[in-house]
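[1] 3D model of this:
(2 chains)
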Protein chains: 2
Amino acid sequence: LLVGSLAFEGMDQLDLTGPFEVLSRMPGAACRVYAKSAGIVRDVKGLGIIADAALAEAPQLDVLHVPGGFGQEALMDDAEVLDWVARQAAGARFVLSVCTGALICGAAGLLKGKRATTHWAVHHLLPLFGANAEPARVVVDGSLVSTAGVTAGIDGALTLAALACGEDSARSIQLAMQYAPDPPFDSGTLESAPPQIVEGARAAFADITRRREATARRIGLLGH
Amino acid sequence: LLVGSLAFEGMDQLDLTGPFEVLSRMPGAACRVYAKSAGIVRDVKGLGIIADAALAEAPQLDVLHVPGGFGQEALMDDAEVLDWVARQAAGARFVLSVCTGALICGAAGLLKGKRATTHWAVHHLLPLFGANAEPARVVVDGSLVSTAGVTAGIDGALTLAALACGEDSARSIQLAMQYAPDPPFDSGTLESAPPQIVEGARAAFADITRRREATARRIGLLGH
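    I've put the predicted structure just below:
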């Protein structure tokens, strides 16, 4: 079971590393990281992650994993990356879209007519790519498993592991990772966070959200 | 606020990357990764992460972050690493121990007389390092924040962020990460997982647990 994660400058590293942790524990799985060039990729906060190989060197993947992060914007017009994503997705058993990785998947044409989700800050942009936006943490539609923001990738990867390897495997992975989450606060959604926290987060995301919306309107209309 | 994560061959990458995601979002925080040598460190499943600098190059950290993973065993006798951990911990505001990183902290003498927790597979070894083992997901004792296995590092890092920067900052980070976890199964603890899953996990961990116990008895007796 060959799993390939797309890495890019300015990605949000947990979008990649959370699912990597789960998927790499699937029986018989081999996880590799691919980027435009092999070598160091820096996430938005500076964590350096190694891309094992360039996109062109990747064999057909069984699972294509597309993380998000601020750096996603730079890929929305990148024919090399979008073609790779579209081509790999066509032959893969599963595509796992995490956070704003959904926008990359959308630009590659993977969301047309699909039920999907993404980070709360850009959830309203999904229809621009032809998706049926669902207000859920994890959405499975055929081979596409899409997740909400960042940490939702772990939940989505466990869902995918169960689909790919059976529920017992997924449960074993969950126990090994001691994944019985217990956040110290209840502030992970727009509904549960205090109003001033929501307001601050919306303000912090306002600029990038505007840019993402402009890009989505432009790219979505191109109709990849 | 300077945050330094210890990286080592065979670590469990999510022990590092989960807390990195949280701590790097603290206002004014800068997160760096340190290892015996600068450069690529491979986690137990092969993910390559960049150590920004060698241990000796690290200034005094405000937050020392110690992940775990199978590779922890090789550090239990490593004077360079243990001295670094002990010295950094002495001057840090906080130490975050994740998963079997607690065993490294124990070997460095940080657990003596402290309440602490770790991954369920090695929780019984904590007293060998003089710790008061608590069956909790996150334990705060003074400057030491210790967590249970792997994914518990995210909960521990949010707890630490609240202590270091205030609860509002921690809540804002939680919302940005959309951390409202919703595992598809209830199988993250020995108590909640089905008996055959627990049995399988114990069997899978049996060899490394035996080795860890032998090491703990030997190192613990040395009385670092």
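[2] how about the most centrally placed residue in chain A, what does it touch?
    Nearest to the mean C-alpha position of chain A, by C-alpha atoms, centre = their mean, lies A:V98 at 1.9 Å. Neighbouring residues of A:V98 by C-beta atoms under 8 Å, 6 or more residues apart in numbering or on different chains: A:15-16, A:18-19, A:65-68, A:146-147, A:150, A:152-153, A:156. Yep, even glycine has a C-beta here, placed from its N, CA and C like the rest.
[3] what does the pLDDT read for it?
    Looking at A:V98, its pLDDT is 98.
[4] and if you look at the one 5 residues further on?
    According to the prediction, A:L103 has pLDDT 98.
[5] what's the separation between the residue lying closest to it once chain neighbours are set aside and A:A180?
    Nearest non-adjacent residue to A:L103, counting by C-beta to C-beta, 6 or more residues apart in numbering or on different chains: A:Q72, 5.5 Å away. Separation of A:Q72 from A:A180 (C-beta to C-beta, to the nearest Å): 31 Å.
[6] repeat that for A:A89.
    33 Å.
[7] which of these two has more residues huddled nearby?
    A direct count of neighbours by other C-beta atoms under 10 Å in any protein chain shown for A:A89 and A:A180 places A:A180 higher, at 24 against 20.
[8] picking up where we left off before, and chain B, which of the contacts of A:V98 reach it?
    With the criterion set as C-beta under 8 Å from any C-beta of the partner chain, the members of those near chain B are A:G18, A:V150, A:A152.
[9] how about the closest residue to A:M177 other than its chain neighbours, secondary structure?
    Distances taken as C-beta to C-beta, 6+ apart place B:V150 nearest to A:M177, at 4.3 Å, with adjacent residues excluded. Secondary structure for B:V150, judged by DSSP: H, G, I helix; E, B strand; the rest coil, is coil.
[10] for B:V150, what are its contacts?
    A:E21, A:A176, A:M177, A:Q178, A:Y179, B:D12, B:L14, B:D15, B:G18, B:V98, B:C99, B:H119.
[11] excluding its backbone neighbours, what's nearest A:F129?
    A:G106 (3.0 Å).
[12] list of residues touching stretch A:154-164?
    Stretch A:154-164 is contacted from outside by A:1, A:18-19, A:21-23, A:25-26, A:62-63, A:93-94, A:96, A:98, A:137-138, A:140, A:145-147, A:169-170, A:173-174, A:179, B:151, B:181-185, using C-beta under 8 Å, 6+ apart.
[13] filter those residues to the buried ones?
    Buried by 16 or more other C-beta atoms under 10 Å in any protein chain shown: A:1, A:18-19, A:21-23, A:25-26, A:62-63, A:94, A:96, A:98, A:137-138, A:140, A:145-147, A:169-170, A:173-174, A:179, B:151, B:181, B:183-185, out of those.
[14] mind listing the strands for chain A?
    For chain A, the strands defined by DSSP state E cover A:2-6, A:30-35, A:39-42, A:48-51, A:53-54, A:63-66, A:94-97, A:115-116, A:132-133, A:138-141, A:144-147.
[15] what's the closest of those to B:G130?
    strand A:48-51 (35.8 Å; C-beta to C-beta).
[16] now that closest one, how far from the centre of its chain.
    Between the centre of strand A:48-51 and the centre of its chain there are 17 Å (C-alpha atoms, centre = their mean, to the nearest Å).
[17] anything in it near chain B?
    Yes - Strand A:48-51 lies within reach of chain B by C-beta under 8 Å from any C-beta, at A:G48, A:I49, A:I50.
[18] most neighbours, which of those residues?
    Of all the residues of strand A:48-51 next to chain B, the highest neighbour tally under other C-beta under 10 Å goes to A:I49, namely 24 neighbours.
[19] mind putting the ones next to chain B among the contacts of A:V98 into JSON lines with pLDDT?
    What follows is those, written out as JSON lines (pLDDT from 0 to 100):
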{"residue": "A:G18", "pLDDT": "98"}
{"residue": "A:V150", "pLDDT": "96"}
{"residue": "A:A152", "pLDDT": "98"}
